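Engineer: Everything below, folded, please.
(2 chains, ligands or ions: 2)
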Amino acid sequence: MESALVLPEGNALLAQSSSPLWTALARALTLQDYNTRVVLAGTLILGLACGLLGVYMLLRRRALIGDAISHAALPGVVLAFLLSGDLGAEKSLGWLLLGASISGGIGGATVLALKQWAGVRDDAALGIVLSVFFGAGVALLKIAQHLPGANPAGLEGFIYGKASLITLADVRYIAWTTVVVLVVTVLFEKELRLLCFDAQLARCQGWPVGLLDGLLLAMVVVVTMVGLQAVGLILIIALLIVPAAAARFWTDRMGRMLWISAGLGGLACSIGTLLSASVEKVPSGAAIVLTACTFFGVSFAMGPKRGVVWRWWQRVKQRLAFDEQHFLRALFELLEASNTVPAHLHDLHHVAPIALPAVAAQRHWSAVRTRWLARRLEQRGLIVLQPGDEVRLTPRGMIAAARAVRNHRLLEIYLLDRAQAPVSDVDREADFLEHGLQPEHLAELSGEIATGDRPDIPPSPHELPARDEDN
Amino acid sequence: MSTSSSEATPANSSRPAALSVRDLTIAYHRKPVLWNVSLEVPRGALAGLIGPNGAGKSTLLKAVVDMVPRISGEIRILGRPYRAVRRQVAYVPQRESVDWDFPATVLDVVLMGTYGELGWFQRVRQEHRRRALEALRKMEIEHLAHRQISQLSGGQQQRTFLARALVQQADVYLMDEPFAAVDASTEAAIVRLLMELRSQGKTIIVVHHDLQTAAEYFDFVILLNLRLIAAGPTKEVFTRENLQKTYGGKLTLLDEIGEAMRRGEQGG
Ligand SMILES: Nc1ncnc2c1ncn2[C@@H]1O[C@H](COP(=O)(O)OP(=O)(O)OP(=O)(O)O)[C@@H](O)[C@H]1O
Ligand SMILES: [Mg+2]
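Structural biologist: Ligands and ions are numbered 1, 2, ... in the order given. The predicted structure follows:
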């Protein structure tokens, strides 16, 4: 008896990939096989749908229910297989998916019911449903395997995923499902956002919260079922959660998160499919999920909103900017100390040189750090390095330095006057605060503080190291 | 849960009270947390809902907006059941009731207040956006409109929630502990808002914990501790005796309360 689930000759990618890895990869990448194209299309649009739905499940804090649903699908699949075998009917994918949907749906509903009516906690309810249904599924599978005449080999594909078995008909199922998910996402954007953020408010405003939750759940059931072939029931949950979780690292807006997650899901599925098509014996489910997890890792590190590496880099950049400002200010203050601040704009080309060690001493920096910063500032055209370990401010540098000093001193005066900060602290505090100054703060500061006879740059309100009075 | 609104109107008044609760009993898992509560809050009142932790204050507010099932009793808002007056009621839950890590901006959250007047598939329009910004201005957090909500302080979160309620342009406001863990300037801003709403003739019911300021802020007081202890104008109801009944048994506390009332009388 032939089962539709067993690979038909020549219709599978894996069957042919006895050639070395590279030829296989090249074949897959260039989409030479008709079958590769079909499988790729199927998994790509599946990834889109999973990415979108995953965002809702994640934000609604229902992420793991997909896991219960997919595991609960196993007994349904096997039962459908057994029944159709008994009836002698053809074991078509449709029957198996119907079985999967029914038992998966029952599993998901059981979780909610346990929570709602029996007062069982989320995690416990998930654990119970997942293990009971999956256990039953495994038991049934054993029975099916020992049944005479039955050939349940294809069933394994449902557990670990075998994307190569996807046919054009399956792609059509997946495509329709994805279209429905897309339409729902676009049409119910407002309602679903409200549901995810504040279901209480949604209920107060009279939205049918139960119905909306049901809609989400139904879509998860359907997507899980059509995804079983490609990813397998153990791993489909990863495809629901991982792209969404990764997308969160790239944006702070729900709308964008949806599309980023969809994109990552689609991409992970395509890359994973191609990988599993070129490397023998790697199940597509594993390849897809590993790709998605790689994306997650990259997002976790590099994502501009929460990524750790990104944030670290931002801090480094910020510190650098601070240091450069401090460097310029030190130069200005040293010029002040030697009474050589140019009084007029046309004097800007003849600024006195300053020794780097003096800068290092002023800021308590090491010689290496001072020189390194000097090079950076030179690259930006703010100073010139001169022989004899000296630097000279360029006209642009002079203006930047004057601005830095002015900001710093305005803040110091403000801190002394308004915040009653002790004199010993104002320099350090202003050192930090000046970098956060925005134009509107400056306007307020310079408006509030009478600046005496040098309206542009007020004198420092505290002693500078070796500072000469008056200029 | 009754049918027409006219039959529920109290016979003694042509204008129904802002909130009228009759024989309300509520239980969680069969443990009653509100017993036979009956009260009326007149229109235009700025009412404080006061009682110890676990007294059922939050539960009472939730019952008003039909969020908890009741065992018995009837609640009317402006003479009608909640279902019929949804858009005239704004409920401000406790801050902790939502996940502030959600990917949304302050403006997004405030705009959610307008979803109630929009139908299915309708998007927020410029007019709603304008109103949301106006509400943010009232709460003095206009500059935070585009800030991600996870970057807000507690006081700013509270202001965001209040702005979301403001934008609904309701007639009855129910606020659950808006003063919890906010600093003096936020508290002052909220009080200004309450006063302004009252001057517009709105009815506001506020869960409040600070007895020292209660007499000053509210012209109507509801004292609750599983049962209704008393409800009425502050002058008549906010007495040492009633507070003793509400917070019964805790003698050291009572001394503090007495002190607070003494000060409250001086202030008001
Ligand atoms: N969802 C719930 N399930 C079970 N019991 C609950 C639930 N919510 C509240 N309770 C119980 O109902 C009682 C009243 O709770 P409620 O939250 O109304 O008190 P509260 O007056 O608002 O207290 P607090 O001042 O601490 O906010 C408490 O004993 C509480 O334990
Ligand atoms: Mg409460």
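Engineer: nearest spatial neighbour of residue 82, skipping sequence neighbours?
Structural biologist: Picking chain A for this. Residue nearest to A:L82 in three dimensions, not counting chain neighbours: A:A144, with 5.7 Å by Cβ to Cβ, 6 or more residues apart in numbering or on different chains. Every residue, glycine included, has its C-beta placed from N, CA and C.
Engineer: hmm, I had chain B in mind actually
Structural biologist: Using Cβ to Cβ, 6+ apart, the closest residue to B:Y82 is B:D66 (4.8 Å).
Engineer: contacting residues for the one you found?
Structural biologist: Counting by Cβ atoms under 8 Å, 6 or more residues apart in numbering or on different chains, B:D66 makes contact with A:R203, A:C204, B:Y82, B:R83.
Engineer: Give the burial count for residue 173, as a bare number.
Structural biologist: Assuming you mean chain A. The number of residues packed near A:Y173 is 20, by other Cβ atoms under 10 Å in any protein chain shown.
Engineer: oops, chain B please
Structural biologist: By other Cβ under 10 Å, 25 other residues sit near B:Y173.
Engineer: Is it bridged to anything, and to what?
Structural biologist: Listed beta-bridge partners, B:Y173: B:A90, B:I204 (assigned using DSSP bridges).
Engineer: I'd say it and B:G113 touch.
Structural biologist: No. Look at B:Y173 against B:G113 with Cβ atoms under 8 Å: they stay out of range, at 11.8 Å.
Engineer: interface residues of chain B facing chain A?
Structural biologist: B:29, B:65-67, B:83, B:86, B:89, B:91, B:93, B:97-99, B:102-105, B:108-109, B:112, B:115-116, B:118, B:120-124, B:148, B:150, B:164 (Cβ under 8 Å from any Cβ of the partner chain).
Engineer: now these: which count as buried?
Structural biologist: Among these, the ones that count as buried by 16 or more other Cβ atoms under 10 Å in any protein chain shown are B:65-67, B:86, B:89, B:91, B:93, B:98, B:102-105, B:108-109, B:112, B:115-116, B:118, B:124, B:148, B:164.
Engineer: now, which of the residues you listed lie within helices?
Structural biologist: Under the assignment DSSP state H, those contribute B:D108, B:V109, B:M112, B:R164 to helices.
Engineer: contacting residues around the first one?
Structural biologist: Shown in contact with B:D108 (Cβ under 8 Å, 6+ apart): A:R193, A:R253, A:M254, B:I149.
Engineer: same question, the third one
Structural biologist: Contacts of B:M112 were listed using Cβ under 8 Å, 6+ apart, and they are A:R193, A:L194, A:F197, A:D198, A:L201, B:R164.
Engineer: And the average pLDDT for stretch A:217-225 is what?
Structural biologist: Mean pLDDT, stretch A:217-225: 88.
Engineer: residue ranges of the strands in the chain, please?
Structural biologist: Picking chain A for this. A:354-355, A:383-386, A:390-393 (DSSP state E).
Engineer: hmm, I had chain B in mind actually
Structural biologist: Using DSSP E, strands in chain B cover B:19-28, B:31-41, B:46-50, B:72-77, B:89-92, B:172-175, B:203-208, B:220-225, B:227-233.
Engineer: Just send these back as TSV, with mean pLDDT and distance to ligand 1 too.
Structural biologist: Below are these laid out as TSV (pLDDT from 0 to 100; distance: least, Cβ to the nearest ligand atom, whole Å):
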stretch	mean pLDDT	distance to ligand 1
strand B:19-28	88	3
strand B:31-41	86	4
strand B:46-50	93	8
strand B:72-77	90	15
strand B:89-92	92	13
strand B:172-175	94	12
strand B:203-208	94	6
strand B:220-225	91	7
strand B:227-233	88	12
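Engineer: what does chain B have sitting close to ligand 1?
Structural biologist: Chain B comes close to ligand 1 at residues B:Y28, B:H29, B:V33, B:G51, B:N53, B:G54, B:A55, B:G56, B:K57, B:S58, B:T59, as judged by Cβ under 6 Å from any ligand atom.
Engineer: State the distance from the residue lying closest to A:G303 once chain neighbours are set aside to chain B.
Structural biologist: Leaving out its chain neighbours, the residue that sits closest to A:G303 by Cβ to Cβ, 6+ apart is A:F249, at 2.6 Å. Distance, A:F249 to chain B, using Cβ to the nearest Cβ, to the nearest Å: 11 Å.
Engineer: Over to A:F249: give its phi and psi.
Structural biologist: Main-chain torsions, A:F249, degrees, to the nearest 10: phi -80, psi -10.
Engineer: For ligand 1, see how far away it is.
Structural biologist: From A:F249 across to ligand 1, the span is 33 Å (Cβ to the nearest ligand atom, to the nearest Å).
Engineer: before we move on, what about A:L140?
Structural biologist: With distances taken as Cβ to the nearest ligand atom, A:L140 is found 39 Å from ligand 1.
Engineer: tell me, how many neighbours does that residue end up with?
Structural biologist: 20.
Engineer: Next, the contact list for the residue nearest to it when sequence neighbours are not counted, please.
Structural biologist: If the residues on either side of it in the chain are set aside, A:L140 comes closest to A:V78, at 4.0 Å by Cβ to Cβ, 6+ apart. With contacts defined as Cβ under 8 Å, 6+ apart, A:V78 is in contact with A:G99, A:G137, A:L140, A:L141, A:I143, A:A144, A:P152, A:L155.
Engineer: Farthest pair within those residues?
Structural biologist: A:G99 and A:I143 (14.8 Å; Cβ to Cβ).
Engineer: picking up where we left off before, what touches both of B:Y173 and B:G113?
Structural biologist: Residues touching both B:Y173 and B:G113 (Cβ under 8 Å, 6+ apart): B:A90, B:A165.
Engineer: Buried among the contacts of B:D66? Need that as a selection in ChimeraX.
Structural biologist: Buried residues among the contacts of B:D66 (16+ other Cβ under 10 Å), as a ChimeraX selection:
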select /A:203,204 /B:82
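Engineer: The contacts of B:D66 in helices, which ones?
Structural biologist: Those of these lying in helices (DSSP H): A:R203, A:C204, B:Y82, B:R83.
Engineer: returning to what we had before: ok, and the most crowded of the contacts of A:V78?
Structural biologist: Neighbour max across these (other Cβ under 10 Å) = A:G137, 25 neighbours.
Engineer: Could I get the contacting residues of the spatially closest residue to that residue that is not a sequence neighbour?
Structural biologist: Spatially, and ignoring its direct neighbours in sequence, A:G137 is nearest to A:L74 (2.7 Å; Cβ to Cβ, 6+ apart). By Cβ under 8 Å, 6+ apart, the residues touching A:L74 are A:A100, A:S103, A:F133, A:F134, A:A136, A:G137, A:V138, A:L140, A:L141, A:F158, A:I159, A:L233.
Engineer: Great, nothing more from me.
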